[in-house]
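Q: One predicted model, sequence on top.
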Amino acid sequence: MKKSKRKERKPGIQQEGANSTAAPMNAGSTSASTGASFPESKEDKKKAHLLVTRRETEKRGEERGSVFGYVQIALQFVRESRMELKKVKWPTRKELLASTAVVIVLVMIVSFFLGLIDFGLIKIIRNIVG
């Protein structure tokens, strides 16, 4: 009798060629190779959720041509955009006013410089032409 060799599945790790999505390891779970216990952070959970969401979207590849598929893709984009906007460090009112003042002053300086060049070129062309 032949014994069939079966690959041993490690918890939280997806085997090659497997079509199922792997569940992320739970908090306090142990690594199969080291036996070490490590807690899962909120960022790891979010990343795992994004991976699962992407995989689900990829599974629904046949729905791409349909309106429902486009709506799902748009909703995923909005969800990911909101998550990214939460990570942004928004400027304080003081920083915003200072930056605005710098921009206004620089625009005035550049416009004055370009105005002088334009005025000078007009004078030169008028002297040449007539």
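A: Yep, it's here.

Q: ranges for the helices of the chain?
A: Using DSSP state H, the helices of the chain run over 42-59, 67-87, 93-129.

Q: any low-confidence regions in the chain?
A: Applying pLDDT under 70 to the chain flags residues 1-40, 43, 45-64.

Q: domain ranges for it?
A: Domain ranges of the chain: 40-88, 91-130, per automatic domain parsing.

Q: just those: most buried one?
A: domain 40-88 (a mean of 12; mean count of other Cβ atoms under 10 Å). The way it works is simple: take the backbone N, C-alpha and C, and place the C-beta from them, glycine included.

Q: Can you dump the C-alpha atoms of stretch 111-120 in CSV for me?
A: Extracted C-alpha coordinates of stretch 111-120, given in CSV (Å, rounded to 0.1, in the frame of the first residue of the first chain):
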residue,chain,number,x,y,z
SER,A,111,4.1,88.0,-11.0
PHE,A,112,6.0,91.3,-10.5
PHE,A,113,9.1,89.8,-12.0
LEU,A,114,7.3,88.4,-15.0
GLY,A,115,5.5,91.8,-15.5
LEU,A,116,8.8,93.6,-15.6
ILE,A,117,10.2,91.1,-18.2
ASP,A,118,7.0,91.5,-20.3
PHE,A,119,7.1,95.3,-20.1
GLY,A,120,10.8,95.3,-21.1
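
Q: all numbers from here: first residue = 705
A: Yes, from this point I'll number from 705; that puts the last item at stretch 815-824.

Q: Run through who's touching that stretch.
A: Applying Cβ atoms under 8 Å, 6 or more residues apart in numbering, stretch 815-824 has no contact partners.

Q: Stretch 790-805 now?
A: Residues contacting stretch 790-805 (Cβ under 8 Å, 6+ apart): none.
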